[in-house]
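Participant: 3D, please:
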Amino acid sequence: MSGLTELHLTPALAALLEQWGYAEDDAAVREVAATAARGHNVVLVGPPTARHAVPLLAGMLSAFTRGTSRALLLCPAATLDEWAAVVTPLARAAGLSADAGRGPARSARRLQAGLDLLIAAPDTALALLRRSALKTDGITQLFLAWPELFDDAEILLPVMQDLPKDTQRLVHTTLATGVSSMVERYARKALTIGAPPAEGPSPSPAGPVRTVIVPWSGRAAALPLLLESLDPASTVVWAADRAGVAEAAGALPSGDAELRVVTGDAPAADLILAWDLPPLERLRQLTSAGPVVLLAPPHAEGYLARVAHPRTAVRLPGVLEAAQQEAATRRASVSAVLEKGMPSGELLALAPLFERYDPAAVAGALYRLWTERTGAVREVVPDVPAVSKLWIGLGKKDGTTPNDVVAALTREARVDRGKIGKIEVRELYTLVELPARDIEQIAGQVNGLMIRRRRVTARVDRGGKMVGAKKR
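Facilitator: Okay, the predicted model is just below:
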């Protein structure tokens, strides 16, 4: 049995952490995991990478009591995929169900089905609260991930005001002082771990380093391009744990003897690539081993400014654009098939799977199989349009005005006013131009809202064919 069980972790979670390279003799792991597993409030300070919170998450899930508990993890919308990728295998090991809520419609259905752990942005959680799909009195554990990056700290108020006093509150932050007032307000008596001493000068940054600013989902595409651009004689890729090592190794060119992927101390090399953002002390060790390049998401700028100096940006033309174009091309390929008509033969073949699994999960599995094949996108199709239309089931007969629509979008669905384009109020319905990349999420947020005292249906308009949230 893993020695990590001494930290009050369940055997399954202890075994997974050991598999990922964590050990009971790591003082930080002992303090973080054990404190959380005993149900205490914890504030963990560290780099803005979700893998850094693995011991804290394992402790939280070990304290979870299935059947009588529900956990809620709130994170910035842009980091939803990153947190879901880290939390999901931990929840699976604990025998718990977890889901990333990208909009209130599907999340409401999962919650009704008995979901154990919801991962969501604050505005999605707020929409679920307003629909009574999420009840704060049933939340026994609340995890706030990087709350300093939330667009509006006051958005937490509806969630926190009715939260039971004995709800465990866990916070992962890059800067303890940046959330001190929030912690005092919502997570009193929390043990703070990883913060520098309050007295004395701030720790000096490590450097020099170079940085590649790339979204979390774009790291795999950036790695080979970076190696091709810099062409080092030897390279070491550092990751926070063995799970990160496996991810990074999968993104590297195969068969290169001069490439190594490690966790812990990095050996000397002509180039040290950080797949995950390291804590300051780890960054010092990496810079002592060789020239360092950090793969950093856009939201990490504040953290980088504190831990790394001097910094030089490495420009990889087209990395982000290429990733966005590839994703848009794939979406357009799927849309082109659907526009031609319902693929009845294929649906018949998949029908048994739909009976056993959530259709969305089946679609995700098929997409993974498709994209993992070389040359998966077999035909070039036009990119998705920049603007799409949202169909809302209220019109002139209901007394609807453009101002009503704008108010609902900005205040209730929290859509940036600058994203709202032309509004056409017709006799029975209204059409609103919105960015195509956001349209499906916005449809889910608007569907079920009250406008002019009527609960509305919202869909993505496809020129007469509408998709999106199901009618409630």
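
Participant: so after the strand or helix carrying Arg331, what's the next helix or strand?
Facilitator: Using DSSP states H and E, Arg331 sits within helix 319-339. Following helix 319-339 in sequence order, the next helix or strand is helix 344-356 (DSSP H and E).

Participant: Ala37 touches Leu56, doesn't it?
Facilitator: No: assessed by C-beta atoms under 8 Å, Ala37 is found out of contact with Leu56, at 9.8 Å. C-beta: built from backbone N, CA, C; applies to glycine.

Participant: return the distance of the strand or helix carrying Gly250 from the chain's centre.
Facilitator: Using DSSP H and E, the element containing Gly250 is helix 242-251. Taking C-alpha atoms, centre = their mean, to the nearest Å, one finds the center of helix 242-251 at 18 Å from the center of the full chain.

Participant: that helix: what's the following helix or strand?
Facilitator: Helix 242-251 is succeeded, C-terminally, by strand 259-262 (DSSP H and E).

Participant: any idea how far Arg242 is from Ala93?
Facilitator: 14 Å (C-beta to C-beta, to the nearest Å).

Participant: helix, strand or coil for the residue lying closest to Leu128 once chain neighbours are set aside?
Facilitator: Once flanking residues are discounted, Leu128 sits nearest to Leu134: 3.8 Å by C-beta to C-beta, 6 or more residues apart in numbering. Under DSSP: H, G, I helix; E, B strand; the rest coil, the three-state class of Leu134 is coil.

Participant: from what I can see Leu134 touches Leu115, true?
Facilitator: No: in this structure, Leu134 is not within contact of Leu115 by C-beta under 8 Å, at 9.8 Å.

Participant: more crowded one of the two?
Facilitator: Neighbours were counted for Leu134 and for Leu115 using other C-beta atoms under 10 Å; Leu134 has more, 25 against 19.

Participant: just the pLDDT at the more buried one, thanks.
Facilitator: At Leu134, the pLDDT value in this model is 89.

Participant: residues in contact with it?
Facilitator: For Leu134, the contacting residues are 72, 107-108, 111, 118, 125, 128, by C-beta atoms under 8 Å, 6 or more residues apart in numbering.

Participant: what's the distance between the residue nearest the centre of the chain and Glu427?
Facilitator: Centroid check for the chain by C-alpha atoms, centre = their mean gives Leu80 as the closest residue, at 1.6 Å. Distance of Leu80 to Glu427, given as C-beta to C-beta: 38 Å.

Participant: and the contacts of the helix or strand hosting Ile442?
Facilitator: For Ile442, the element it lies in under DSSP H and E is helix 439-446. Outside helix 439-446, the residues that touch it by C-beta under 8 Å, 6+ apart are 102-106, 123-124, 127, 388-390, 392, 408-409, 412-415, 434, 456, 458-460, 467-469.

Participant: residue at max distance from the center of the protein?
Facilitator: The chain, farthest from centre, C-alpha atoms, centre = their mean: Lys397 at 41.0 Å.

Participant: how about it, nearest residue that isn't a chain neighbour?
Facilitator: Glu427 is the one closest to Lys397 (C-beta to C-beta, 6+ apart), at 5.9 Å.

Participant: which SSE is Arg219 in?
Facilitator: Counting by DSSP H and E, Arg219 is part of helix 219-230.

Participant: tell me how many other residues crowd the residue nearest to Lys397.
Facilitator: Neighbours of Glu427 using other C-beta under 10 Å come to 8.

Participant: quick one: contacts for it?
Facilitator: 395-397.
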